[in-house]
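K.L.:
give the three-dimensional model of this entry:
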Amino acid sequence: MTKRPMSRRIVSGALAAALLYGCTLSAAAATRFSDLHSKAWYYSSINTLADAGLIAGYTDNTFRPDRKATVGESVKLILSACGISPGQQTEEHWASGYLTRAAENGWLTESLRSQPDLPMSRIDAAKLLVSILQLPLTEETSPFIDTADPAVLTLYRAGIISGSYRDGILEFRPEDGISRAELCAILKPVYTRGKLQYGSHWVDITDNLPVNPYKPEHFQQENGITRYIAGESTIGIDVSYYQKDIDWSQVKDSGIDFVMIRLGYRGYTSGKLVLDERFREYIRGASDAGLDIGIYFFSQAISVEEAEEEAQFVLNNLGEYAIEYPIVFDWEIIGVRPARTDGLSKEILTAAANRFCERISEAGYTPAIYFTKYLGYLSYDLGALSSYDFWFAEYSQAPSFYYDFAMWQYSDNGKIPGISGPVDMNLCFKSY
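P.N.:
A predicted model of the protein is given here:
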């Protein structure tokens with residue numbers, strides 16, 4: 001939000017690497033195997049699964065992509081990539097939980113289950129994957145010279161396997177052992193289906209949220225102000241005491257339609273609730289100038305109870321002014337350590353945002369939630385907050401967030417008459 005004396009950088013924790021193939025490796029090394037070359041055909045597949053914590057390498061920091069995967073290794077990785085948990089682990093084999101789960105569901109033959117350390121053939125890997133995914137078998141003509149197996153053809157038509165050419169002839173080599181690299185290559189599209197990519201993270205797509213309808217070519221910038229030309233939108237700013245003295249008449253005359261005013265904040269170390277020292281001055285001046293008004297509260301809540309306390313603090317200090325735009329829960333990651341919010345779980349943050357918004361809605365106002373890409377994709381369960389409006393922040397020429405949002409904060413360096421320094425700029429796509 002608006003010019004706080006703190007870093008905006010988000011420090012994300014590395015994903016913990018899962019144990020695969022019964023060996024240990026540090027999480028930091030899991031995506032940087034010494035024998036994994038960036039131009040290799042399997043590079044992206046191995047890195048994607050390593051980033052997801054599904055695979056790890058060896059203690060010497062190698063992955064050994066050409067080594068044949070065993071039945072136990074293959075079953076564990078295939079089930080893990082499909083989001084299937086293991087059954088009961090026994091002492092007889094490190095992969096026994098996964099082997100049991102596959103066998104009890106009829107996905108794995110007893111012959112394979114009883115020989116977990118033998119190489120897994122390419123055909124058996126294909127059959128296992130088709131069974132788990134419950135894909136309808138195709139009866140089309142085989143493009144392969146060496147197999148017409150329906151499981152192989154089904155995965156081929158689905159774009160999961162491709163085979164390889166030798167002397168211009170496409171072959172699958174069904175009885176060959178599947179290599180670790182080949183296994184990762186067929187599982188990357190399986191793992192990433194129904195997901196979107198954010199950096200090294202693959203995030204499940206939430207079906208109950210509408211997607212972003214705004215095309216980049218429909219945003220035009222003139223004199224430092226971005227406009228949306230393909231539909232309804234209004235232009236706004238958001239302010240806190242960092243903007244100091246504001247001539248609200250000049251702001252209004254410059255073409256600004258609305259202002260989001262910080263009512264207050266919770267201290268990120270003390271946890272104390274504080275009223276923004278310019279709030280009453282700003283809301284009075286903006287109202288007198290004829291600007292529509294929204295409110296945001298900078299939260300550092302670490303519980304549902306604290307979020308409710310923040311909502312009540314907002315309601316207690318609104319006064320009699322008309323609030324046309326939303327009252328926003330603005331929870332952010334602090335770049336200064338230590339902060340009381342460090343390590344807050346997605347579940348608690350989502351529940352806190354929900355309770356803040358519930359309390360605001362109960363009081364007759366429109367609630368909303370502010371977030372960046374990082375928070376939206378990784379810190380919130382947005383599907384559980386679909387009843388509320390979203391205010392999305394991304395400083396760019398056009399917003400690239402996957403889901404729809406009511407407001408977009410597109411700059412923290414706006415220049416507006418009536419304000420001496422930089423100010424956050426916003427577009428709103430919804431009528432309030």
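
K.L.:
when you work out contacts or count neighbours from here on, use the C-alpha atoms and nothing else.
P.N.:
OK.

K.L.:
which one in the chain is furthest away from the centre?
P.N.:
Asp167 (43.9 Å; Cα atoms, centre = their mean).

K.L.:
what's the first helix or strand after the host helix or strand of Ile186?
P.N.:
If you go by DSSP states H and E, Ile186 is part of helix 180-192. With elements assigned by DSSP H and E, the helix or strand that comes after helix 180-192 is strand 195-198.

K.L.:
tell me what that next one is packed against?
P.N.:
strand 201-204 (3 or more Cα pairs under 8 Å, 6 or more residues apart in numbering; DSSP states H and E).

K.L.:
and the helix or strand just after the strand it packs on, what's buried?
P.N.:
As assigned by DSSP H and E, the chain's next helix or strand after strand 201-204 is strand 219-222. Residues of strand 219-222 classed as buried by neighbour count (16 or more other Cα atoms under 10 Å): none.

K.L.:
and the contacts of strand 219-222?
P.N.:
Contacting residues not belonging to strand 219-222 are listed as Thr226, Arg227, Tyr228, Ile229, Gln397, Ala398 [Cα atoms under 8 Å, 6 or more residues apart in numbering].

K.L.:
adjacent strands (with direction) for that strand?
P.N.:
Note on strand 219-222: by DSSP bridges, its sheet partners are strand 225-228 (antiparallel).

K.L.:
after the strand it pairs with comes which helix or strand?
P.N.:
Counting by DSSP H and E, the next helix or strand C-terminal to strand 225-228 is strand 234-239.

K.L.:
avg pLDDT for the helix or strand that that following strand is followed by?
P.N.:
The C-terminal neighbour of strand 234-239 among helices and strands, as given by DSSP H and E, is helix 248-253. In this model, helix 248-253 carries a mean pLDDT of 98.

K.L.:
Leu99: which element?
P.N.:
Per DSSP H and E, Leu99 falls inside helix 96-104.

K.L.:
in whatever helix or strand comes next after that helix, which residues are buried?
P.N.:
Downstream of helix 96-104, the first helix or strand assigned by DSSP H and E is helix 110-113. By 16+ other Cα under 10 Å, the buried positions in helix 110-113 come out as Leu112, Arg113.

K.L.:
ok now helix 110-113, how far from the chain's centre?
P.N.:
Put simply, helix 110-113 sits 39 Å off its chain's centre (Cα atoms, centre = their mean, to the nearest Å).

K.L.:
for stretch 401-417, same thing?
P.N.:
19 Å.

K.L.:
can you check stretch 50-68 too?
P.N.:
25 Å.

K.L.:
what's the end-to-end length of that stretch?
P.N.:
End-to-end distance for stretch 50-68: 18 Å, by Cα to Cα, to the nearest Å.

K.L.:
same deal with stretch 85-92?
P.N.:
19 Å.

K.L.:
that stretch: how far from the chain's middle?
P.N.:
What separates the centre of stretch 85-92 from the centre of its chain is 31 Å, taken as Cα atoms, centre = their mean.

K.L.:
got it, and stretch 344-360?
P.N.:
Counting by Cα atoms, centre = their mean, stretch 344-360 comes out at 17 Å from the chain centroid.

K.L.:
could I have that stretch exported to PDB, CA atoms only?
P.N.:
Output in PDB follows, covering the C-alpha atoms of stretch 344-360 (Å, rounded to 0.1, in the frame of the first residue of the first chain):
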ATOM      1  CA  LEU A 344       1.000 -17.300   9.800                       C
ATOM      2  CA  SER A 345      -0.800 -20.200   8.000                       C
ATOM      3  CA  LYS A 346      -3.000 -19.900   5.000                       C
ATOM      4  CA  GLU A 347      -5.900 -21.300   7.000                       C
ATOM      5  CA  ILE A 348      -5.700 -18.700   9.800                       C
ATOM      6  CA  LEU A 349      -5.100 -15.800   7.400                       C
ATOM      7  CA  THR A 350      -8.100 -16.900   5.300                       C
ATOM      8  CA  ALA A 351     -10.300 -17.200   8.400                       C
ATOM      9  CA  ALA A 352      -9.200 -13.800   9.700                       C
ATOM     10  CA  ALA A 353      -9.900 -12.100   6.400                       C
ATOM     11  CA  ASN A 354     -13.300 -13.800   6.300                       C
ATOM     12  CA  ARG A 355     -14.200 -12.700   9.800                       C
ATOM     13  CA  PHE A 356     -13.200  -9.100   9.100                       C
ATOM     14  CA  CYS A 357     -15.300  -9.000   6.000                       C
ATOM     15  CA  GLU A 358     -18.300 -10.700   7.700                       C
ATOM     16  CA  ARG A 359     -18.200  -8.000  10.400                       C
ATOM     17  CA  ILE A 360     -18.000  -5.200   7.900                       C
END
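
K.L.:
let's see the helix holding Ile186 as CSV, backbone CA atoms only.
P.N.:
Included here for helix 180-192 are C-alpha records, laid out as CSV according to Å, rounded to 0.1, in the frame of the first residue of the first chain:
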residue,chain,number,x,y,z
ARG,A,180,14.0,-41.4,-13.9
ALA,A,181,14.0,-38.6,-16.5
GLU,A,182,11.3,-40.3,-18.6
LEU,A,183,9.2,-40.8,-15.5
CYS,A,184,9.4,-37.1,-14.6
ALA,A,185,8.6,-36.1,-18.2
ILE,A,186,5.3,-38.0,-18.3
LEU,A,187,4.3,-36.9,-14.8
LYS,A,188,4.9,-33.1,-15.3
PRO,A,189,1.7,-32.7,-17.4
VAL,A,190,-0.1,-34.9,-14.9
TYR,A,191,1.0,-32.9,-11.9
THR,A,192,0.4,-29.5,-13.5
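
K.L.:
for that helix, what does the pLDDT average out to?
P.N.:
What helix 180-192 shows for mean pLDDT is 95.

K.L.:
distance of the residue minimising distance to the centre of the chain from Ser38?
P.N.:
For the chain, the residue nearest the mean C-alpha position is Tyr377 (2.2 Å; Cα atoms, centre = their mean). As for Tyr377, its distance to Ser38 is 27 Å (criterion: Cα to Cα).
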